[in-house]
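Asker: Here's a sequence, model it:
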Amino acid sequence: MASRIETGLELRSMFVLAVLALAACGGSSGGGRPHATPTSTATPAPTPTPTCPLPLPFCGGDFPLNTLQTTPYGPAWADVQTSPSQFLPCFGPYALCFYANCTVGPDGASSCPCFEWYGTNYVLITAILNLDSYLATTSACADPSACQQPNSAPVCNDIISGSFLPSAKRFSTFGLYRAKQEPIGQTDCSSQSNRSPYAGCMTAPCFGPTTPGSDPHTAMIACDCPLYDGPYQIGKDVDPSECNDAPLAWSAAYHPTPTPISNPCDLVPGGCVPDAPADDCGCPLYDPGHTVLPPDSGVSCATVCQEYAGCDRGDIELGFTCDATLCTSHDHDLVFDACIGLERCELSEIFKAEMAAGCSCCASQLCGCTANTPTDEKIYQLNASQRADGDTPQCDINGTLCGTSPP
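Answerer: Just a heads-up that it's a prediction; the model follows:
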């Protein structure tokens, strides 16, 4: 595991299954057991205190580890879901550690090989490892329906800003990225007497550089996931004998009453995820003449367009470039080039519009927002790159977000 440790989804039964391996730790494609490469520690860190049950980086520094029993079944790192409404949507870069098989360290934690991706992702409220973030989120989202717009829960902003754990590069959450390539399954290890401890990866920190994944256009990052010894389900179909995974540890989680669901898209309200490709259960793209805002949506298109114009990186308006890429590309580098930084901007009216119309990457088309010239030229280039990858951009599907050729 990382040397930081060595040296120290009413949500209709939403994610009832996803919780099986919450936050899922999303390892490499296929059924193998990838090993993560230890990550380096920039500076020496203090020794964990005897009263803190986990190694660095959770204990021994300034991180306010959530040691509360967040459910009757264990602490936050047990990754336990007791209600279908406990998942909160965030939007931005994240680590997907679903299905990962992790390298166990000597002090109660593990290093897990996880996919890095961008877009809609979900945090299990009972598995927030930062105590301050947990208390703020459980207070603001006591009624979970109040936090179902992406990034409306305090934990999302803590993760995006990095204040959750400043030294981390990414944090492990759950998403349906890779749902087509790596189908969700279920192996219940709860009654297996010889089961080994599992890695609870929800909100776990990830360090070190991203590296190319074994599948084209993917990227991996190592995440430090605490170990927990208790009943659990693995989010893939394996032989029950593999519940004894020693000397490795499955990324897993526990649902007291697990319900197998064969189609992961059925786990999402309305059957689709906003701002995601169709292969990842994404909501439909904009369909000219058919996709419209309901008359009672309350959406202000003026505000929507202001949000597009007000979020830029240099001269590039990121809302437009991300819409042109995120829902049609599977290329990690291309999506990050088009989107990174958007998560730090005000997007609430954009999310409101897309949720009202039930479409993905579509608010600018719904409201007739127009991009500036540098952004249009960037979109043209991003579309060309998608075609080169074998993907089909929105321009070729619905005639929108086509951009303009640079001079």
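Asker: can we go C-alpha only for contacts and neighbour counts from here?
Answerer: OK.
Asker: Longest strand in the protein, please.
Answerer: Among the segments of the chain that qualify as a strand by DSSP state E, the longest is strand 109-124.
Asker: how close does the closest residue in space to P212 that isn't next to it in sequence get to A356?
Answerer: Closest residue in space to P212, ignoring its immediate chain neighbours: A219 at 4.5 Å, by Cα to Cα, 6 or more residues apart in numbering. Taking Cα to Cα, to the nearest Å as the measure, A219 falls 33 Å from A356.
Asker: So for those two, which sits in the more crowded spot?
Answerer: Using other Cα atoms under 10 Å, the more surrounded residue of A219 and A356 is A219, with 21 against 17.
Asker: Just to check, that one is in contact with Y118?
Answerer: No: using Cα atoms under 8 Å, A219 is not in contact with Y118; the gap is 11.2 Å.
Asker: May I have the phi/psi pair for the residue lying closest to L342 once chain neighbours are set aside?
Answerer: In this structure, L342 finds its nearest non-sequential neighbour in L318, 5.9 Å apart by Cα to Cα, 6+ apart. The phi/psi pair for L318 (degrees, to the nearest 10) reads phi -70, psi -30.
Asker: Model confidence score at D315, please.
Answerer: Per-residue pLDDT puts D315 at 97.
Asker: cool, C25 as well?
Answerer: We have a pLDDT of 42 for C25.
Asker: could you say what helices and strands the top helix by length along the chain packs with?
Answerer: Taking DSSP state H as the criterion, the chain has its longest helix at helix 373-389. When contacts are defined as 3 or more Cα pairs under 8 Å, 6 or more residues apart in numbering; DSSP states H and E, helix 373-389 packs onto strand 316-317, helix 318-323, helix 332-339.
Asker: sorry, back to before: settle this for me: the residue nearest to L342 is touching A338, isn't it.
Answerer: Yes: L318 is within contact range of A338, at 6.6 Å (criterion: Cα under 8 Å).
Asker: Look at those two and report which has more neighbours.
Answerer: When neighbours are counted by other Cα under 10 Å, L318 comes out ahead of the other of L318 and A338, with 27 against 24.
Asker: Out of the helices and strands packed on helix 373-389, the one nearest Q233 is which?
Answerer: helix 332-339 (29.0 Å; Cα to Cα).
Asker: average pLDDT for that closest one?
Answerer: Helix 332-339 carries an average pLDDT of 98.
Asker: Determine how far it lies from the middle of the whole chain.
Answerer: Mean-position distance between helix 332-339 and its chain equals 15 Å (Cα atoms, centre = their mean, to the nearest Å).
Asker: next helix or strand past that helix?
Answerer: The helix or strand immediately downstream of helix 332-339 is helix 348-357, counting by DSSP states H and E.
Asker: What is the next helix or strand after that following helix packed up against?
Answerer: Downstream of helix 348-357, the first helix or strand assigned by DSSP H and E is helix 363-367. Packing contacts for helix 363-367, counted by 3+ Cα pairs under 8 Å, 6+ apart, involve helix 301-309, helix 348-357.
Asker: so of the ones you listed, which one's packed in deepest?
Answerer: Highest mean neighbour count of those: helix 348-357, a mean of 21 (counted as mean count of other Cα atoms under 10 Å).
Asker: what angle separates that helix from helix 301-309?
Answerer: Here helix 348-357 runs at an angle of 120 degrees relative to helix 301-309 (axes from the mean of the first three to the mean of the last three Cα atoms, to 10 degrees).
Asker: please renumber so the chain begins at 805
Answerer: Okay, using 805 as the starting number, the last item reads as helix 1152-1161.
Asker: contacts for helix 1152-1161?
Answerer: 953-954, 1078, 1095-1098, 1101, 1103-1104, 1107-1108, 1111, 1164-1167, 1170 (Cα atoms under 8 Å, 6 or more residues apart in numbering).
Asker: Extract the CA atoms of it and return them as PDB.
Answerer: Presented in PDB, the C-alpha positions along helix 1152-1161 are these (Å, rounded to 0.1, in the frame of the first residue of the first chain):
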ATOM      1  CA  SER A1152     -26.800  25.000  -9.600                       C
ATOM      2  CA  GLU A1153     -29.100  26.400 -12.300                       C
ATOM      3  CA  ILE A1154     -27.400  24.300 -15.000                       C
ATOM      4  CA  PHE A1155     -28.100  21.200 -12.900                       C
ATOM      5  CA  LYS A1156     -31.700  22.400 -12.200                       C
ATOM      6  CA  ALA A1157     -32.300  22.700 -16.000                       C
ATOM      7  CA  GLU A1158     -30.800  19.300 -16.800                       C
ATOM      8  CA  MET A1159     -32.700  17.500 -14.000                       C
ATOM      9  CA  ALA A1160     -36.000  19.200 -15.100                       C
ATOM     10  CA  ALA A1161     -35.600  18.200 -18.700                       C
END
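Asker: I'd like to know the average pLDDT value across that helix.
Answerer: The average pLDDT for helix 1152-1161 rounds to 96.
Asker: Stretch 870-881 now?
Answerer: For stretch 870-881, mean pLDDT is 96.
Asker: Buried residues of it, list them for me.
Answerer: Buried positions in stretch 870-881, judged by neighbour count with 16 or more other Cα atoms under 10 Å: 870-871, 874, 877-881.
Asker: In TSV: the residues you listed, plus distance to S1018 and secondary structure.
Answerer: What follows is the buried residues of stretch 870-881, written out as TSV (distance: Cα to Cα, whole Å; DSSP: H, G, I helix; E, B strand; the rest coil):
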residue	distance to S1018	secondary structure
N870	35	coil
T871	36	coil
T874	36	coil
Y877	36	coil
G878	35	strand
P879	34	coil
A880	31	helix
W881	28	helix
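Asker: Tell me which two in these are the farthest apart.
Answerer: Farthest apart among the buried residues of stretch 870-881 by Cα to Cα are N870 and Y877. That separation is 14.8 Å.
Asker: can you pull the contacts of the most centrally placed residue in the chain?
Answerer: Closest to where the C-alpha atoms of the chain average out (Cα atoms, centre = their mean) is N925, at 3.5 Å. Shown in contact with N925 (Cα under 8 Å, 6+ apart): 893-896, 898, 977-980.
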